[in-house]
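Enquirer: I would like the atomic coordinates for the input below:
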Amino acid sequence: GAGAFFGGTVPRASINVDGRYLSYNEYAYGAASVWDVAGIEVFRGAQTTSQGANSIAGAIIVHTKDPTFTPEGAYQLEVGSNKRRRASLAYSAPINDDLAARIALDYSGRDTFIDYTSPNLAKGHSDQDFMSRTFRAKLLWQPKDLPGFEAKLTFQHDRTNRPTSESAFAPCDELNSLAATMPSWNQRSNAVVLDTSYDFGNSIRIYNQLQYADVASHRVIEPITSGGADIDLTSVSNESRVTFGDVGEAGLSGVAGLFVSRKSTDEILLLRGTSVFDDEKESLGLYAEATWQF
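Expert: Below is the predicted model:
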């Protein structure tokens, strides 16, 4: 509601996809694709010391599949009731001896199962049907002339649409609604992540991850002056860290790192007039840990 909007709602649990933390509206009204995913880690309870802000309720870490130097591919098709449909494709192959690429596409959608029967329904440009579209491309560079070095570039584009909710009036089994309005959320995001690492071969390794994303979220309602909203967010972050030694072996091992990020959001809410917000968040994290194995 408007109270949460005015308060600058943020996630209480974080979702990180290949190094990028999803914004609140992506978290609540988006649809992060689990197609072509290598693994999902779920951490319960407060994760602030390891994941930073907005993870007091836990963290979900999603790792998508990397390019391979052996060709591989997969696809799936799905149809069902309420015009449910899904089409997914993934393919990975080497470009040359040093460079490999991977692409993944995932589209899914369905019609809402609610029938809006009110003659006073103000639909306007709102869309109560579900749609999710993801395109991801990755390049992996492992130069033979520079052993121990690796660079990976990831680009992901997401587009989603869904209603604020699906709810029926009594008798609920008839799946009818007399609501006069049902806002929908239309979102678009683009993200670029650059990962680089170098293993010196003497138990010292350095890593760096640079991330940039822009997200546009639109609350669509009729009339637009009864709660329409535009939320435009840009985020940039960089994490550098060095590890030394081998955990579990005799001697000294550890890690040290630096994380910086900045998020800037421009928001417009059309409710009892026009409200304009400028929301900026900056984060700095410095960490280190050392272990001596006797």
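Enquirer: Starting from the host helix or strand of Q211, tell me which strands it pairs with and how they run.
Expert: Per DSSP states H and E: Q211 is located in strand 204-220. Strand 204-220 sits in its sheet next to strand 184-199 (antiparallel), strand 226-244 (antiparallel), going by DSSP bridges.
Enquirer: would TSV of the ones you listed with mean pLDDT, mean neighbour count and distance to L153 be doable?
Expert: No exception for glycine: its C-beta is placed from N, CA and C like everyone else's. Shown next, in TSV, are those (pLDDT from 0 to 100; neighbours: other CB atoms under 10 Å; distance: least, CB to CB, whole Å):
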stretch	mean pLDDT	mean neighbour count	distance to L153
strand 184-199	96	18	5
strand 226-244	95	17	15
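Enquirer: and these as CSV, adding distance to R86?
Expert: Listed next are these as CSV, based on distance: least, CB to CB, whole Å:
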stretch, distance to R86
strand 184-199, 19
strand 226-244, 28
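Enquirer: Name the SS class of the closest residue in space to A100 that isn't next to it in sequence, please.
Expert: Counting by CB to CB, 6 or more residues apart in numbering, P67 is the residue found nearest to A100 once chain neighbours are left out, at 3.8 Å. Secondary structure assignment for P67 (DSSP: H, G, I helix; E, B strand; the rest coil): coil.
Enquirer: so how far is W141 from P67?
Expert: P67 is 9 Å from W141, where distance means CB to CB, to the nearest Å.
Enquirer: so how many other residues sit close to the residue nearest to A100?
Expert: 24 (other CB atoms under 10 Å).
Enquirer: and it, what is it in contact with?
Expert: Shown in contact with P67 (CB atoms under 8 Å, 6 or more residues apart in numbering): 92, 100-102, 138-140, 152.
Enquirer: In strands only, show me the residues you listed.
Expert: Within those, residues falling in strands by DSSP state E are 92, 100-102, 138-140, 152.
Enquirer: Now render the residues you listed as JSON lines, adding distance to D266, pLDDT and neighbour count.
Expert: Converted to JSON lines, the ones in strands among the contacts of P67 look like this (distance: CB to CB, whole Å; pLDDT from 0 to 100; neighbours: other CB atoms under 10 Å):
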{"residue": "S92", "distance to D266": "37", "pLDDT": "97", "neighbour count": "22"}
{"residue": "A100", "distance to D266": "38", "pLDDT": "97", "neighbour count": "22"}
{"residue": "A101", "distance to D266": "35", "pLDDT": "98", "neighbour count": "16"}
{"residue": "R102", "distance to D266": "34", "pLDDT": "98", "neighbour count": "23"}
{"residue": "K138", "distance to D266": "30", "pLDDT": "98", "neighbour count": "23"}
{"residue": "L139", "distance to D266": "31", "pLDDT": "98", "neighbour count": "17"}
{"residue": "L140", "distance to D266": "35", "pLDDT": "98", "neighbour count": "22"}
{"residue": "K152", "distance to D266": "31", "pLDDT": "98", "neighbour count": "20"}
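Enquirer: Spatially, which two of these are the most separated?
Expert: The largest separation in the ones in strands among the contacts of P67, counting by CB to CB, is between S92 and K152 at 12.6 Å.
Enquirer: out of everything not next to it in sequence, what's closest to H125?
Expert: In space, H125 is closest to V220, 5.4 Å off (CB to CB, 6+ apart).
Enquirer: does the one you found really touch P183, like I thought?
Expert: Yes - contact criterion CB atoms under 8 Å: V220 and P183 qualify, at 6.3 Å.
Enquirer: Next, show the common contact partners of these two.
Expert: With CB under 8 Å, 6+ apart as the test, V220 and P183 both reach S126.
Enquirer: more neighbours, those two?
Expert: Neighbour count, other CB under 10 Å: between V220 and P183, V220 has more, with 21 against 18.
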